[in-house]
Every structure is written in C-alpha cells, then in structure tokens.
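[1] here is my input; please provide its structure:
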Amino acid sequence: MNNATNSFLNAVQDVLAYPLFTLGERSLTVALLGKLLLLFALVLAAEFVLRRFFTKRLLKRTRLDASLQYAIARIGGYLFILLGFYVALTAVGLNLSSLAVVAGAVGIGIGFGLQNIIHNFVSGIIILAERPVALGDRIEVGGVAGRVSRIRLRSTEIVTNDNISIIVPNSDFITQPVTNWSHGDPRVQIRIPVGVAYGTDTEKLKAVLLEVAAENPNVLKNPEPTVYLDGFGDSALLFELGVWTSEMTHSPRRFRSELNFAIERKLRENKIEIPFPQRDLHVKSGALVMQNNPVNL
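    Okay, here's the model as predicted:
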C-alpha cells in the first residue's frame, strides 16, 4: 500500500515538475503555471473587493458625481491589476526581461489580428479619462439610442427604452458622431413639425399650438415655447412647434408622442385641416390624328 502511494505521489510530482517551455533561464513547469494562475485569480478577486469597498466607503462620501466616481474606480482597478500581475510574475521567479522579448515577438505576429481589440481598449481608456459619455447618460451613436448602463474597457452597454441591452464597441464613440442628451445642461429644444392646409388662420394655429405646449407638464416654461413658420410645401403650410424640455434624457419617444396626440386632437377640435397630397389631372378634348409614315424596304 505504501509503495503504491509513493508511486502515485512520485508520478504527481513528475507531472508538476514537467517543463512546458522556457522563458529566459527559467523553465515554466506545470506547478509554476498553476501557481501563477492562482496568483492572477487572487489579484482579480482582490481588485473586485477593493474597488467595491473604495467606491462605497470612500468615493460615496465625496461630492464627486457618480460618473466621475465610476471612472476613478475603474481606472484605479486596472492599475491595481497591472501592478498585481507584475508582482505575481516576480513572485514565481520569472525573468520579466525575457517576457518582454516574448511579448514583443508575439505582438508582431498577432498585432494585425488584434487591431480592433486594441483600438477598443484604447478607446475605453479615453472614455473613462475624458468622460464624453458617463453612466446614466442618454446617448445616440451608430443608430443606437439609449441609456449608458456600463462602461468596460472593450465595449459599452446601452439599454434602450424597450429594455434591450446593446453592446457598442468603444471605438464607435471615438470614430463616430455621438449625441449626448445628458451632457452639460439636460434642457434641450425639440421641434414638432405640423402641416396645415393653405388658407388656415395662422394666428389661430399659433395659439392652438402654444396651448398644446402649455398643457403638457413636461414642457418647460422658460425658455418659452415658440411656433415657427418653416416654409411653403406643395400641399401645406409647414409649421414647427419648438418646446424646451428635460425629458429627452428619460423618455424622448413618449414625450414626442404625447405632443403629437395633443396637436392632432386640438386641430380636430378647432376644425383646422391637416392636408394630404393631391394631384389634379386635366384632359384636353380634341381629335387624335394618326399619321402613317411609309417604310422603304
């Protein structure tokens, strides 16, 4: 029994001591690799615990806004991970200079294949540092509109009004135009287009549209709503109701829908016609003359 146990332990020891490859002057064995992975896992776990403690116990007591607290915590966490990995590599006795040579050689080989990942990684650092978008902001980028719920190094998670989570690569925030409805002053002006028939009393229409704006609780009183005569269409006078609101950061589609419903109801109550395109066809009477041209064969 003892001989079998000793044989098993010797076999396990041989497996753990088996060299996988060599880095500089040090052979990376199975045991050394397991130890290194364990240290990496401890670093990641420690970063998660410390970041939560740092955010909830320290940053919450400051007067910094939530988005800045999040950015500080994330950047600090990434720096802690880099430092922890460096200490882990040193603790197992790996020569970092040899790792740099290997990393350089590997980087040349796969650099072209990881261009997008590296681009998104750098873009994530820029987003966290410059904060063009922050947690809770309502944004539009690349045809996606919603609220920013999470910012990672590679991608940003946006939740739409339909509660759908969309993952957007961070590079899109650097290379594409971004509309941030929450950046700075949340008050924005939106314009609701309205077309009415020619011959409509424009002063009456203006009063009706301003009445719609006054009755909506989400329309700001200051700045005041305004009615614009935008132009003359083929079938209608083109007006716009301009209102200021803070709802664009919360429920923009519902806000526009409420105004459109109210405008349609008010126009119907006041017998103001909403035209539709019409075409008149005029047929002239007369004889149709057919002329035959001889064909030479």
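[2] distance from stretch 254-265 to the middle of the chain?
    In terms of C-alpha atoms, centre = their mean, to the nearest Å, the centre of stretch 254-265 is set 28 Å apart from its chain centre.
[3] just for the stretch 51-200 of the chain, where's the confidence low?
    In the predicted model, the stretch 51-200 of the chain carries pLDDT under 70 at residues 56, 63-68, 94-115, 184.
[4] repeat that with 50
    Per-residue confidence for the stretch 51-200 of the chain (pLDDT under 50) gives these ranges: 105, 109.
[5] would you map the helices across it?
    Along the stretch 51-200 of the chain, the stretches classed as helices by DSSP state H, counting those that start in this stretch are 66-91, 96-110, 115-130, 172-175.
[6] quick one: the shortest one to chain centroid distance?
    In terms of C-alpha atoms, centre = their mean, the centre of helix 172-175 is set 10 Å apart from its chain centre.
[7] neighbouring contacts of stretch 148-165?
    Surrounding stretch 148-165, the residues in contact under the criterion C-beta atoms under 8 Å, 6 or more residues apart in numbering are 70-71, 74, 78, 117, 120-121, 124-125, 127-128, 133-139, 141, 144-147, 166-170, 173, 251, 253-254. C-beta here means a position set from N, CA and C on the backbone, and glycine is covered the same way.
[8] filter the residues you listed down to the buried ones, ChimeraX style.
    Typed into ChimeraX, the line below selects the buried ones among the contacts of stretch 148-165, using 16 or more other C-beta atoms under 10 Å:
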select :70,71,74,78,120,124,127,128,133,134,135,137,138,139,141,145,146,147,168,169,170,173
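[9] quickly note the distance from Glu130 to Pro186.
    20 Å (C-beta to C-beta, to the nearest Å).
[10] same question, Leu33
    To Pro186, Leu33 is 52 Å away according to C-beta to C-beta.
[11] one more: Val30?
    Summarising the geometry, the distance separating Val30 from Pro186, computed by C-beta to C-beta, is 57 Å.
[12] neighbour count: Glu130 and Pro186, which is higher?
    A count of neighbours by other C-beta atoms under 10 Å puts Pro186 above the other of Glu130 and Pro186, at 15 against 11.
[13] just checking, the more buried one touches Ser246?
    Yes - with contact defined as C-beta atoms under 8 Å, Pro186 counts as touching Ser246 (4.8 Å).
[14] so where do the strands sit in this structure?
    Applying DSSP state E to the chain gives strands spanning 19-23, 26-29, 138-141, 144-151, 155-159, 165-169, 178-180, 188-196, 226-232, 237-245.
[15] which one of these lies closest to Phe261?
    Closest to Phe261 of the strands of the chain is strand 188-196 (C-beta to C-beta; 11.1 Å).
[16] CA atoms of that closest one as PDB?
    Provided in PDB are the C-alpha atoms of strand 188-196 (Å, rounded to 0.1, in the frame of the first residue of the first chain):
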ATOM      1  CA  VAL A 188     -32.900  70.700 -25.000                       C
ATOM      2  CA  GLN A 189     -35.300  72.100 -27.600                       C
ATOM      3  CA  ILE A 190     -37.200  69.800 -29.900                       C
ATOM      4  CA  ARG A 191     -39.300  70.800 -32.800                       C
ATOM      5  CA  ILE A 192     -42.600  69.100 -33.800                       C
ATOM      6  CA  PRO A 193     -43.500  69.500 -37.500                       C
ATOM      7  CA  VAL A 194     -47.100  70.400 -38.300                       C
ATOM      8  CA  GLY A 195     -48.600  70.800 -41.800                       C
ATOM      9  CA  VAL A 196     -51.900  72.600 -42.300                       C
END
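[17] what comes up buried for it?
    Counting neighbours by 16+ other C-beta under 10 Å, one finds that the buried residues in strand 188-196 are Val188, Ile190, Ile192, Val194, Gly195, Val196.
[18] neighbours of Ser123, just the number please.
    Neighbour count of Ser123, defined by other C-beta under 10 Å: 21.
[19] ok so, going back, so which of the strands of the chain is nearest Arg268?
    Ranked by C-beta to C-beta, the member of the strands of the chain that lies closest to Arg268 is strand 188-196, at 12.0 Å.
[20] roughly how far apart are Pro132 and Leu259?
    The gap separating Pro132 from Leu259 is 30 Å, by C-beta to C-beta.
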